[in-house]
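Asker: Build me a model:
(one chain, ligands or ions: 1)
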Amino acid sequence: MCGVFGIFGHPEAARLASIGLHALQHRGQESAGIASSPGGEVFLQRAMGHVAQIFDEATLANLPGIMAIGQVRYSTTGASRLRNAQPICLDTSIGSLAVAHNGNLVNAVPLRAKLAAEGALFSSGTDTEVILHLLARQQGSLGERMLAIMPMLQGAYSLLLTDGREVVAVRDPYGYRPLALGFRRDAHGEAWMAASEVPAINLVGGEFVREVEPGEVVVMRQGGIRSLRLAKLPGRKACVFEHVYFARPDSVIFGHTVYETRKRFGAQLAREAPALGAEVVIPVPDSGIAAALGYARESGIPYELGLIRSHYVGRTFIQPTVALREIGVRRKLSPVKEIIAGKSIVVVDDSLVRGTTSRQIIGLLREAGAREIHLRISSPPTAWPCWYGIDTPDRDQLLAANKTLEEIAAFITCDSVGYLSPEGLLQAAGPHDGWCTACFTGEYPEQLLTA
Ligand code: SF4
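Answerer: You can find the predicted model right below:
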């Protein structure tokens with residue numbers, strides 16, 4: 001999973017991009033990069049680490065221009081290393097092209113094999129680079145080239161691209177991943193921008209205008225924006241897991257406020273999976289907070305912050321190795337004994353993937369003296385891997401794919417486990433043209449092609 005930000009029409013485009021990326025840091029913490037241009041040549045700075053560490057005055061001084069695109073990365077395709085950091089920038093027959101990608105192409109393997117057979121040389125191990133090679137083989141402006149290659153791409157892509165003339169924002173026909181369009185006007189003039197989440201636009205002084213639509217190419221250039229669209233669309237498949245876990249709670253994703261949606265998930269969970277006799281509801285911070293509030297209000301059980309999170313440690317789920325995740329839990333979460341000791345508690349978390357993190361959290365709560373622990377998950381059992389840009393393990397490592405509820409409770413070492421149903425999830429998610437729920441249901445909109 002990744003976050004992308006792009007802007008056209010501001011003399012400090014790279015600085016604003018770095019601020020926008022800072023607001024998206026939760027979407028990827030392995031590497032960050034920005035490509036900028038004053039018109040023509042594209043300049044690139046990228047490194048492993050966090051946005052605030054990478055983009056200081058010296059780095060920003062090497063990123064001139066009125067247009068910039070950037071990305072924060074958590075690897076799904078291609079290892080966590082600098083050569084796979086984004087934006088990826090190539091010198092092609094039509095000049096420099098840079099791309100920042102959120103999502104995963106499901107047909108990257110056959111596309112890459114075909115391009116390699118035709119002589120293409122790749123500088124990274126990512127699925128994203130095939131997009132640049134396909135663009136270089138088309139005719140027309142960058143936006144027109146992008147529209148032309150969209151029928152060749154399958155899977156999830158919210159993209160930002162620049163060729164030093166325009167900045168292009170693109171969303172795949174299913175609209176798996178979010179991409180918001182924003183605008184700001186000041187003494188420097190008018191600037192258009194696009195970002196994975198609305199708070200990034202707000203942080204740089206912009207206003208949310210609308211979503212980039214599924215199957216749409218928005219071209220930002222001198223004189224304003226232009227929209228190009230695919231003629232035929234398959235129907236939306238917005239990633240419901242963005243609402244469950246990934247997005248910031250203050251975001252508006254796919255037309256719904258994430259915070260309010262999570263509270264509705266929690267309330268529905270309380271109706272579907274009550275914990276009789278429980279005395280206190282405790283969230284796993286931060287992503288379980290809103291759902292736990294919803295659970296507590298619906299059930300009438302008092303809500304307390306029984307786990308305190310250190311904000312100096314990153315998200316455990318998106319640490320790239322199991323070993324790092326396990327150390328991370330103890331560094332990150334600290335139980336409040338006065339709230340927990342001797343009580344029957346409901347612990348609300350957003351999802352249960354391998355179960356190793358939850359098992360550690362339950363261990364912390366037992367050490368703090370909890371009498372009974374009832375784990376409630378504000379999403380359905382994650383029984384299938386995601387192919388569209390969220391890094392879930394193979395099915396054999398997914399707890400819910402291989403164990404009954406009783407076996408899961410025994411593995412996690414809690415007294416009971418309860419999940420939200422797929423029907424309850426969609427009901428609480430609210431009205432929408434179409435959701436992807438494949439990691440919960442196994443109903444994949446597009447198949448993963450491995451050869
Ligand atoms: S499979 Fe799950 S995580 Fe992946 S896009 Fe679909 S809903 Fe989102």
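Asker: CA atoms for contacts and neighbours, from now on please.
Answerer: Fine.
Asker: starting at the chain centroid, how far to the helix or strand containing Ala292?
Answerer: Element membership for Ala292 (DSSP states H and E) is helix 289-299. Relative to the chain's own centre, helix 289-299 is displaced by 24 Å; criterion: C-alpha atoms, centre = their mean, to the nearest Å.
Asker: Mind giving me the packing neighbours of that helix?
Answerer: In terms of contacts (3 or more C-alpha pairs under 8 Å, 6 or more residues apart in numbering; DSSP states H and E), helix 289-299 is packed against helix 258-272, strand 280-283, strand 344-349.
Asker: so for the longest one, what's the average pLDDT?
Answerer: What it means is helix 258-272. Averaging pLDDT along helix 258-272 gives 98.
Asker: The last one now?
Answerer: Averaging the model's pLDDT scores along strand 344-349 yields 98.
Asker: now for the helices and strands packed on helix 289-299, which one comes closest to the ligand?
Answerer: helix 258-272 (14.4 Å; C-alpha to the nearest ligand atom).
Asker: From the chain's centroid, how far away is that closest one?
Answerer: The chain centre lies 20 Å from the centre of helix 258-272; the measure is C-alpha atoms, centre = their mean.
Asker: Equivalent analysis for stretch 23-35, please.
Answerer: 11 Å.
Asker: now do stretch 425-444
Answerer: Worked out by C-alpha atoms, centre = their mean, stretch 425-444 lies 16 Å from the chain centre.
Asker: can you check stretch 93-104 too?
Answerer: Counting by C-alpha atoms, centre = their mean, stretch 93-104 comes out at 19 Å from the chain centroid.
Asker: Would you mind checking the average pLDDT for the helix holding Ala292?
Answerer: On average, helix 289-299 scores 98.
Asker: from the stretch 51-200 of the chain, which residue is nearest to the ligand?
Answerer: When scored by C-alpha to the nearest ligand atom, the stretch 51-200 of the chain has Tyr176 as its residue closest to the ligand, at 5.8 Å.
Asker: what residues does the stretch 151-300 of the chain put near the ligand?
Answerer: 176, 239-241 (C-alpha under 6 Å from any ligand atom).
Asker: if we go to 8 Å?
Answerer: 156, 176-177, 237-242 (C-alpha under 8 Å from any ligand atom).
Asker: quick one on the thing from earlier: would you mind putting the helices and strands packed on helix 289-299 into CSV with mean neighbour count alongside?
Answerer: Below are the helices and strands packed on helix 289-299 laid out as CSV (neighbours: other C-alpha atoms under 10 Å):
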stretch, mean neighbour count
helix 258-272, 24
strand 280-283, 25
strand 344-349, 26
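Asker: Tell me which of the ones you listed sits nearest to Leu293.
Answerer: helix 258-272 (6.2 Å; C-alpha to C-alpha).
Asker: From Val284, how far out is whichever residue of the stretch 101-250 of the chain sits closest to the ligand?
Answerer: Going by C-alpha to the nearest ligand atom, the ligand is nearest to Cys239 of the stretch 101-250 of the chain, at 3.7 Å. Distance, Cys239 to Val284, by C-alpha to C-alpha, to the nearest Å: 22 Å.
Asker: Comparing the two, which shows the higher neighbour count?
Answerer: Remark: of Cys239 and Val284, Cys239 carries more neighbours, 27 against 22, as counted by other C-alpha atoms under 10 Å.
Asker: All the strands of the stretch 201-350 of the chain, residue numbers only.
Answerer: Applying DSSP state E, counting those that start in this stretch to the stretch 201-350 of the chain gives strands spanning 207-211, 216-221, 224-229, 238-239, 252-253, 256-257, 280-283, 307-309, 333-335, 344-349.
Asker: got a markdown table for those, with distance to Ala58 too?
Answerer: Below are these laid out as a markdown table (distance: least, C-alpha to C-alpha, whole Å):
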| stretch | distance to Ala58 |
| --- | --- |
| strand 207-211 | 29 |
| strand 216-221 | 27 |
| strand 224-229 | 31 |
| strand 238-239 | 38 |
| strand 252-253 | 34 |
| strand 256-257 | 37 |
| strand 280-283 | 41 |
| strand 307-309 | 33 |
| strand 333-335 | 35 |
| strand 344-349 | 41 |
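Asker: Of all these, which one comes closest to Leu364?
Answerer: strand 333-335 (6.7 Å).
Asker: and that closest one, which strands flank it?
Answerer: strand 307-309 (antiparallel) (DSSP bridges).
Asker: Show me what the partner strand is in contact with.
Answerer: 282-286, 332-336 (C-alpha atoms under 8 Å, 6 or more residues apart in numbering).
Asker: Relative to the ligand, which of these is nearest.
Answerer: For those, the nearest to the ligand is Asp286 (18.4 Å; C-alpha to the nearest ligand atom).
Asker: okay, now that closest one: neighbour count?
Answerer: Asp286 - counted by other C-alpha under 10 Å - has 17 other residues nearby.
Asker: quick check: domain ranges of this protein?
Answerer: 2-234, 241-441 (automatic domain parsing).
Asker: tell me the most buried of those?
Answerer: Of all the domains of the chain, domain 2-234 carries the top mean neighbour count, a mean of 22, counting by mean count of other C-alpha atoms under 10 Å.
Asker: May I have the distance across that domain, first residue to last?
Answerer: 24 Å.
Asker: now the contacts of strand 307-309 as CSV including pLDDT?
Answerer: Shown next, in CSV, are the contacts of strand 307-309 (pLDDT from 0 to 100):
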residue, pLDDT
Ile282, 98
Pro283, 98
Val284, 97
Pro285, 95
Asp286, 90
Lys332, 89
Leu333, 93
Ser334, 93
Pro335, 95
Val336, 97
